[in-house]
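A.B. asks: following is a predicted model, sequence given first.
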Amino acid sequence: MSTLLSNWSTNAQSVPANYVFPQDKRPAAGDIAAPVCKDIPVIDLSQLEGLDRDKIVKQIMKVNQDFGMFQVINHGVSEELMDDMMNLFKEFFNMPAEDKAMYYSEDENKGFRLYTGTLNYVKDRINKWKDSVKHTCHPLEDYIQSWPQKPARYREVVGAYSLELRKLSLRILDLFCEGLGVELGYFADELSKQQGLLVHRYPPCPDPSLVFGVDGHTDSNLLTLLQQDIYGLQIFKDGQWLGVEPIPHAFVIIICDQLEIISNGKLKSALHRVVTNTSVVRTSVVTFISPSLESIMEPIKDLVTASEPQLFKSFRFKEYFDIYTAYLREPKGPTALEAYKL
Ligand SMILES: O=C(O)CCC(=O)C(=O)O
Ligand SMILES: [Fe+2]
């Protein structure tokens, strides 16, 4: 519990040894404030109802074939709700240590928990410069009772946000259906059965060149939707790390491993990470859409042709976790996806 950065890092003069990355794994000098990537399009979802729909779907497919990330605005989630989320979690993390203590857990399997680092502060090799709150969200009525009631509007705000983000996720997944040429709703059932919400808080760090908020990874799930307040998220593109511009009230949409597999490589899982800074707290609100554990993951049959052979083996989604968790703790190859390449 005392390990939570939000309880001690304000007074830290230097980075404790268990947060320091080995020299060859640290962010390269100059990378910490890398310029933002201009190739990440900002798609105005209100334009989709108009004549440009096909053009927009093609643009989304193209960028996600290249590197797997775009941003959306006018997406239908109210700005007020997005602000409420950011404010709620600022208040949550600023609560006295004893108020947070009852939510803290090192049990990775809990549906709701407050924790620090990547998965488990004790087992992780090197700790990450962040605290997080994890929620399992779908169906909401099964989980909302296990969430905090302090700050007072916690359940109301996080509940409303989860429902809105589910709607937005399904709309975006339908755009991929159009782009891939499969029937609308293809992802709407088993393939998006699980919804998680992580709120990460990255406090200022005395020396950002020694640590990561999150080191380089792809996400294990299907689709990630991310709200961020300030700079810190970076994407690996054409051999270099570049920033993902914080645009007020936009969502960053990240293609994840399962979407790369299902689309037979037509959509690429984005390699991304988070760097820290010396002066301001960064907060991100991250929605993860995942298949049910029993779902069979494999490329859509119609996308496998003589000229585009099957790129990935088929497997049950629950098998992915052990491989992915091991990869997060001890990155070996480029990504956990390698294990399923044919
Ligand atoms: O905080 C962020 O911007 C990204 C976090 C992230 O990559 C993750 O939770 O998988
Ligand atoms: Fe991620």
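C.D. replies: Noted; the coordinates are in hand. Residues are numbered from 1 along each chain as shown. Ligands and ions are numbered 1, 2, ... in the order given.
A.B. asks: would you map the helices across the stretch 1-150 of the chain?
C.D. replies: Taking DSSP state H, counting those that start in this stretch as the test, the helices found in the stretch 1-150 of the chain are 5-8, 53-66, 79-93, 97-101, 140-143.
A.B. asks: out of the ones you listed, which one sits most buried?
C.D. replies: For those, average neighbour numbers computed from mean count of other CB atoms under 10 Å are highest in helix 5-8, which has a mean of 18. For glycine as for every other residue, the C-beta is placed from the backbone atoms N, C-alpha and C.
A.B. asks: with just CA atoms, put it into CSV.
C.D. replies: Backbone C-alpha positions of helix 5-8 (Å, rounded to 0.1, in the frame of the first residue of the first chain) are rendered in CSV as follows:
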residue,chain,number,x,y,z
LEU,A,5,3.4,6.4,-5.9
SER,A,6,0.6,8.8,-5.2
ASN,A,7,1.4,8.3,-1.5
TRP,A,8,5.1,9.2,-1.6
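A.B. asks: how far away is whatever residue of the stretch 151-300 of the chain ends up closest to ligand 1 from Val15?
C.D. replies: Closest approach of the stretch 151-300 of the chain to ligand 1 (CB to the nearest ligand atom) occurs at Ser284, with a separation of 3.3 Å. Applying CB to CB, to the nearest Å, the value for Ser284 to Val15 is 21 Å.
A.B. asks: of the two, which one has the most company?
C.D. replies: Taking other CB atoms under 10 Å, Ser284 and Val15 do not tie; Ser284 has more neighbours (25 against 20).
A.B. asks: for my notes, confirm that one occurs in a strand.
C.D. replies: Yes - the assignment for Ser284 (DSSP: H, G, I helix; E, B strand; the rest coil) places it in a strand.
A.B. asks: residues in contact with it?
C.D. replies: Contact analysis of Ser284 by CB atoms under 8 Å, 6 or more residues apart in numbering lists 199-200, 202, 226-229, 232-233, 274.
A.B. asks: again with Lys237
C.D. replies: 37, 39, 67.
A.B. asks: redo that, cut-off 6 Å
C.D. replies: Remark: with contacts taken as CB atoms under 6 Å, 6 or more residues apart in numbering, Lys237 is in contact with 37, 67.
A.B. asks: partners of it in the sheet?
C.D. replies: Counting by DSSP bridges, Lys237 forms beta bridges with Gln240.
A.B. asks: now it: how far from Gln310?
C.D. replies: 27 Å.
A.B. asks: could you do Leu303 as well?
C.D. replies: From Leu303 over to Gln310 the distance is 9 Å, taken as CB to CB.
A.B. asks: do the same with Asn7
C.D. replies: Taking CB to CB as the measure, Asn7 falls 49 Å from Gln310.
A.B. asks: now do Asp238
C.D. replies: When distances are taken as CB to CB, Asp238 and Gln310 turn out to be 27 Å apart.
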